[in-house]
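Participant: how would this look folded up:
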Amino acid sequence: MKKVSILTMSAATLMIFTSCSKLGELSADNFTVTPNPLETQKGVVPATINGHFPEKYMKKKAVVTVMPELRYSNGVVEKGTPATFQGEKVRGNDQTVNYKMGGNYTMKTSFAYAGDNKAEMFLTFDARIGNKQFDVPAVKVADGVVATSELYKQTVLSTQAAVAPDAYQRINKKKLDANIKFLIQQANLRKSELKNNSVQEFVKMLKQINNDREKLNLENIEVSAYASPDGGFKINDKLAGERQKVSEKYVNQELKKIKFNAPVDAKYTAQDWEGFQELVSASNIQDKELILRVLSMYKDPQEREQQIKNISSAFRELADGILPELRRARLTINYETIGRSDEQILEQLNDDATKLSIEEILYAATLKSTPAEQKAVYQTATKVYPNDYRAYNNIATIEYEQGNYEAAKQCLQQVKNLPEANANLGLLALKDGDVAGAEQYIAGATGANGLSEIMGNLNLAKGNYAEAEENFSEVYSNSAALAQILNRDYVSAAVTLKYIKNPDAMTEYLRALMSARMGNNSDASEALKEAIKKDPAFAKYANNDIELEKVQK
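Facilitator: Okay, here's the model as predicted:
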């Protein structure tokens, strides 16, 4: 009997010792994960874990490392950031947990997104007391991944790539000026002045316009006569008027010689203070600043003239270098150059493209109705003007639109120093999920045509949804709608989805997501059916999409 009692007591003691030493199981009730289900952000799956060690769990010499794991249904296991906790008698730098009281803790982690929305988050444990390791079973703490933000890799495919624009304008406004100078207090036209280069070019241009009405169009001719501001107003008014008359008469005589009936608008300025100020400002006169101050202080012409004459050291320079330039008449031809019409450009393109300018060839591509025709025109441009890289870039935009991404990249690699090419390389990087590379390319796209839309895609990928929505303010696209949905601006998203020019399966899928978020499961179901009808691949994706679980029930 005594031996049996001793054995019984020994077994009980051993059981107590073992239970005191062992680290037991933890329950999912000991952990809260935010968010749950998990959600992708900026290409990763972040999570905040709030945990609780129960009373008398953490033995005084125990060390427990908590390792988060995200186990995807496709077999991929991503490990998060671990956290280590220790008992009261452990000498270390980790968070200490009281044995009697237990303890709460918070740990942040993130997982790489493996392209699979079906996933389970587990916490695994490395538990030790001294050198002895204990088996603490893993605990499932979260289920599923909402990966709507990752759809940018799909929406970017329908983004309008940056087209390098042409600078062709059929009608361009031009102006040609000629100057006739007069001697002081005189209004007669000197032969030497009528033979100066500017006047001869004026007459020559009148003849060209008259002889080539198809390519040149005269708007009007202006005659502006002036008197310098020295001398009284009455004298200058009469003098400037006479200079206007003789100059206008000269222009009309030249028009009559070539039988050109054209309007002439004539005017004069009695005292050209404005011209005087411009010339003084541009001069190196010693007292320039003083003269300019006088002009700003005194508005009365006579007072101005007297005050300037009082600056005796400067007045001689004015009399020799400034005032003679103001005794003049300016003759101006306002005209337009008229380029080839659309029909003429296309005809010349077919006959001999080498006779077209690069701007005309690039413009010709915009007159074509199909991508294949446009591509052919751009290829012609690369042959005729191989050093203008816009055509290579624009071929790349067509390849991108057609899903030929490698061909697009090869075209862009031939381009140098073109902002649109950098923007498009950024799009290709976003398609592959390379946000850092995209940002580097797009940083070199300043001034690119269509940059705002591409910046919107970059901000969308970076998780800057408000900024992306602002970038897309004038754009109706799948990416714009996705930014608005992620920014919870469902009213704007509905408008965007309505006005997308060529809605595709992704457009309908976004409509389903938006409707589901708004609680309109019936509308979401119809949109999802339409998405799958347009692209059956969305059926598999939707089956794994947590956002559409209620829609598919």
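Participant: element containing L430?
Facilitator: Using DSSP states H and E, the element containing L430 is helix 419-431.
Participant: ok, then the element right after that helix?
Facilitator: Later in the chain than helix 419-431, the nearest helix or strand by DSSP H and E is helix 435-443.
Participant: pull the CA atoms of the very next helix or strand once past that following helix into CSV?
Facilitator: Counting by DSSP H and E, the next helix or strand C-terminal to helix 435-443 is helix 451-462. Extracted as CSV, the C-alpha positions of helix 451-462 are listed here (Å, rounded to 0.1, in the frame of the first residue of the first chain):
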residue,chain,number,x,y,z
LEU,A,451,0.7,62.6,-69.6
SER,A,452,-2.2,63.3,-67.1
GLU,A,453,-3.9,59.9,-67.9
ILE,A,454,-0.7,58.0,-67.6
MET,A,455,0.1,59.8,-64.3
GLY,A,456,-3.4,58.7,-63.1
ASN,A,457,-2.4,55.0,-63.8
LEU,A,458,0.8,55.5,-61.9
ASN,A,459,-1.0,57.0,-58.8
LEU,A,460,-3.6,54.2,-59.1
ALA,A,461,-0.8,51.6,-58.8
LYS,A,462,0.8,53.5,-55.9
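Participant: which of the residues in the helix or strand that helix 451-462 is followed by are buried?
Facilitator: Per DSSP H and E, the first helix or strand lying C-terminal to helix 451-462 is helix 465-471. Applying a neighbour-count criterion of 16 or more other Cβ atoms under 10 Å, one finds Y465, E467, A468, E469, N471 buried in helix 465-471. C-beta: built from backbone N, CA, C; applies to glycine.
Participant: now do the same end-to-end measure for stretch 439-458.
Facilitator: End-to-end distance for stretch 439-458: 7 Å, by Cα to Cα, to the nearest Å.
Participant: Mean confidence (pLDDT) on it, please.
Facilitator: The average pLDDT within stretch 439-458 is 97.
Participant: What's the first helix or strand after the helix-or-strand element of the chain with minimal mean pLDDT?
Facilitator: Confidence across the helices and strands of the chain bottoms out at helix 2-21, with a mean of 38, counting by mean pLDDT, DSSP states H and E. For helix 2-21, the following helix or strand on the C-terminal side (DSSP H and E) is strand 31-34.
Participant: before we move on, back to that, quickly check the buried residues of helix 465-471 for the two that are furthest apart.
Facilitator: Farthest pair in these (Cβ to Cβ) is Y465 and N471. Separation: 10.5 Å.
Participant: okay, and the common contacts of those two?
Facilitator: Both Y465 and N471 are in contact with N459, where contact means Cβ atoms under 8 Å, 6 or more residues apart in numbering.
Participant: between the buried residues of helix 465-471, which is nearest I361?
Facilitator: Nearest to I361 among the buried residues of helix 465-471, counting by Cβ to Cβ, is N471 at 31.6 Å.
Participant: Neighbours of the residue nearest to the closest one when sequence neighbours are not counted, how many?
Facilitator: Among residues not flanking N471 along the chain, G456 sits closest, at 3.2 Å (Cβ to Cβ, 6 or more residues apart in numbering). Neighbourhood size, G456 [other Cβ atoms under 10 Å]: 26.
Participant: again with A372
Facilitator: Using other Cβ under 10 Å, the number of residues around A372 comes to 10.
Participant: part of a helix, is it?
Facilitator: Yes: under DSSP: H, G, I helix; E, B strand; the rest coil, A372 falls within a helix.
Participant: OK, contacts around T124?
Facilitator: With the criterion set at Cβ under 8 Å, 6+ apart, T124 makes contact with V66, M67, E69, A138.
Participant: Among the residues you listed, which lie within strands?
Facilitator: Mapping the contacts of T124 onto strands (DSSP state E) picks out V66, M67, E69.
Participant: quick one, what contacts the last one?
Facilitator: By Cβ under 8 Å, 6+ apart, E69 lies in contact with V77, E78, K79, G80, M121, F122, L123, T124, A138.
Participant: Kindly report the same for N544.
Facilitator: Applying Cβ under 8 Å, 6+ apart to N544 gives the contacts S73, D116, N117, K118.
Participant: correct me, but the last one touches R71?
Facilitator: In this case it means K118. No: K118 lies out of contact with R71 (Cβ atoms under 8 Å); the separation is 9.8 Å.
Participant: Quick check on those two: which one has the bigger neighbour count.
Facilitator: Regarding K118 and R71, a neighbour count based on other Cβ under 10 Å identifies R71 as having more, with 19 against 15.
Participant: separation between that one and N334?
Facilitator: When Cβ to Cβ, to the nearest Å is the yardstick, R71 and N334 sit 76 Å from each other.
Participant: For the helix holding L430, report the contacting residues that lie outside it.
Facilitator: For helix 419-431, contacts defined as Cβ under 8 Å, 6+ apart pick out 152-153, 156-157, 159, 161-164, 389-390, 392-393, 396-397, 400, 405, 408-409, 412, 415, 435, 437-439, 441-451, 454, 457-458, 461.
Participant: and what of stretch 432-440?
Facilitator: Under the criterion Cβ under 8 Å, 6+ apart, residues K42, G43, K153, G426, L427, A429, L430, L458, A461, K462 lie in contact with stretch 432-440.
Participant: right, and out of the buried residues of helix 465-471, which lies closest to A505?
Facilitator: Nearest to A505 out of the buried residues of helix 465-471 is A468 (Cβ to Cβ; 21.7 Å).
Participant: Could you measure from that closest one over to L425?
Facilitator: For A468, the distance to L425 - Cβ to Cβ - is 19 Å.
Participant: where in this structure is pLDDT low?
Facilitator: Counting by pLDDT under 70, the ranges of the chain that qualify are 1-21, 298, 308-315, 553.
Participant: To which secondary structure element is R128 assigned?
Facilitator: In the assignment (DSSP H and E), R128 maps to strand 119-129.
Participant: For that strand, list every residue counted as buried.
Facilitator: Of all the residues in strand 119-129, those buried under the rule 16+ other Cβ under 10 Å are A119, E120, M121, F122, L123, F125, A127, R128, I129.
Participant: could I get the residues you listed as TSV with distance to A542?
Facilitator: Output for the buried residues of strand 119-129, formatted as TSV (distance: Cβ to Cβ, whole Å):
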residue	distance to A542
A119	16
E120	20
M121	22
F122	26
L123	30
F125	36
A127	41
R128	45
I129	49
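Participant: ok, so of the residues you listed, who is nearest A319?
Facilitator: Distance to A319 across those (Cβ to Cβ) is lowest for A119, with 90.0 Å.
Participant: ok, what's across the strand from the closest one?
Facilitator: Note on A119: beta-bridge partners Y72, judged by DSSP bridges.
Participant: check contacts around it.
Facilitator: L38, V45, L70, R71, Y72, S73, D143, G144, V145.
Participant: Name only those of those that count as buried.
Facilitator: Burial by neighbour count, 16+ other Cβ under 10 Å: within the contacts of A119 this picks out L38, V45, L70, R71, Y72, G144, V145.
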